[in-house]
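Pasted the sequence and its predicted model underneath.
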Amino acid sequence: MNNIENVNVSETHYYYSNDFNVEEQDKEIWVDGKLAYTIHKGLEMEYDDAKQSDSPFYGLEILQTVYITNKGNIQFNNKDGSYYFFHSNGKMATYINGELMIEDPNGKFDDFIKFVNSL
């Protein structure tokens, strides 16, 4: 998994649905580069040593990607290319077309920007 500068990814969540009428979205969770968990149409599955082709979502389009990191969470909208940074200090920022949409004079989001620019 991508670990850049001071941003270390512990989990990556890939979302395949955006149906807000369900309790859990269709998604898969990857830990240390291995498929660990999926929920598909409400059915949960845990994996010990799975690969991408073991997923019920194999070959389907990812709608959202969330990186769980030591600095906070990074959400990527796969459709429009926008990022949402949720810093562990409680601050939130949007990053669109290479531009941070808030003032950040102390560089609190610099590590997030370096990370997403490395993807």
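That came through fine. Numbers count the residues shown, from 1 in each chain.

thought Tyr47 was touching Trp30?
No: contact criterion CB atoms under 8 Å: Tyr47 and Trp30 do not qualify, at 9.9 Å. Where you see a C-beta, it was placed from the backbone N, CA and C, and this is true even at glycine.

overlap in contacts of the two?
The contact sets of Tyr47 and Trp30 overlap at Ala36 (CB atoms under 8 Å, 6 or more residues apart in numbering).

Is the residue nearest to Asn77 when sequence neighbours are not counted bridged to anything, and to what?
Nearest non-adjacent residue to Asn77, counting by CB to CB, 6 or more residues apart in numbering: Gln64, 6.1 Å away. Counting by DSSP bridges, Gln64 is bridged to Tyr15, Asn77.

now the spatially most distant residue from the centre of the chain, what's its secondary structure?
The centre of the chain is farthest from one residue, Pro105, which by CA atoms, centre = their mean lies 25.4 Å away. Secondary structure, DSSP: H, G, I helix; E, B strand; the rest coil: Pro105 is coil.

Look at it and report its pLDDT.
pLDDT recorded at Pro105 is 90.

Check the gap between it and Ala50 for me.
44 Å (CB to CB, to the nearest Å).

Chain neighbours aside, what residue packs nearest to the most centrally placed residue in the chain?
Centroid check for the chain by CA atoms, centre = their mean gives Val66 as the closest residue, at 1.4 Å. Among residues not flanking Val66 along the chain, His13 sits closest, at 4.3 Å (CB to CB, 6+ apart).

Equivalent analysis for Tyr67, please.
Ile74 (4.3 Å).

Buried residues, the host helix or strand of the one you found. List them.
Using DSSP states H and E, Ile74 sits within strand 72-77. Buried residues in strand 72-77, counted by 16 or more other CB atoms under 10 Å: Gly72, Asn73, Ile74, Gln75, Phe76.

any chance of the residues you listed in JSON lines, with distance to Asp26 and pLDDT too?
Shown next, in JSON lines, are the buried residues of strand 72-77 (distance: CB to CB, whole Å; pLDDT from 0 to 100):
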{"residue": "Gly72", "distance to Asp26": "24", "pLDDT": "96"}
{"residue": "Asn73", "distance to Asp26": "19", "pLDDT": "97"}
{"residue": "Ile74", "distance to Asp26": "20", "pLDDT": "97"}
{"residue": "Gln75", "distance to Asp26": "16", "pLDDT": "97"}
{"residue": "Phe76", "distance to Asp26": "17", "pLDDT": "97"}
